[in-house]
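Colleague: turn this into a structure:
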Amino acid sequence: MATAKSKEEKSASSKAQDATVLLTTDHELVSDLFAEYEETDSVKEKKQLAEQICNELTVHAQIEEEIFYPAVKQALKDKELIPEAKVEHATLKSLIAQVEGEKPGEEMFDAKIKVMHEYVKHHVKEEQNEIFPKAKSTDLDMVELGAKLSKRKEELITARS
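Modeller: Predicted coordinates for the structure are as follows:
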């Protein structure tokens, strides 16, 4: 039995990915969802896509705030980038709450999704161009951090289902 368990552990660790790769994959997924939203005229599809966007962003922000940001902040002894990212998350959460309170077809819905998209693009650019490279330059084990992010993400997705 011990042999089987060690194989499972090896398999799990070999599937783990760099934290920045996992977060970048999330960014790409949300970007694709925003693109789909912009391309459809169907109110039903817009509703589904908006819900998925809000869910993805909520989970993504939570794993960053709980795991990634504290680790990077400590490793970088950062007092600027991470606090700014947290403020951006707070604004994003406010937009998510507003979108969740309206229905597609209402006057402000598309406008709020558009602003959310622009805001997310700005935030992603800062993360990928500033935070991620600096995080990679530290002694942080990015694969271990990625495994923690992945595990927590699965827990949150399960809890939201």
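
Colleague: could you find the closest non-adjacent residue to Glu36?
Modeller: Leu49 (5.6 Å; C-beta to C-beta, 6 or more residues apart in numbering). C-betas here are computed from N, CA, C, even on glycine.

Colleague: so Tyr119 touches Ala90, yeah?
Modeller: No. Using C-beta atoms under 8 Å, Tyr119 makes no contact with Ala90, being 11.5 Å away.

Colleague: now for the residue nearest to Glu36, how many residues are close by?
Modeller: For Leu49, the count of nearby residues is 21 (other C-beta atoms under 10 Å).

Colleague: I'd like the mean pLDDT over the helix or strand where it lies, please.
Modeller: If you go by DSSP states H and E, Leu49 is part of helix 43-63. If you average the pLDDT over helix 43-63, you get 96.

Colleague: buried sites along that helix?
Modeller: 46, 48-50, 53-61, 63 (16 or more other C-beta atoms under 10 Å).

Colleague: wait, what's in contact with the most centrally placed residue in the chain?
Modeller: By C-alpha atoms, centre = their mean, the chain has its centre lying nearest to His60, at 2.6 Å. Applying C-beta atoms under 8 Å, 6 or more residues apart in numbering to His60 gives the contacts Leu23, Asp26, Val30, Lys153.

Colleague: residues contacting the first one?
Modeller: What that stands for is Leu23. Leu23 touches His60, Glu64, Phe68, Glu127, Phe132, Leu149, counting by C-beta under 8 Å, 6+ apart.
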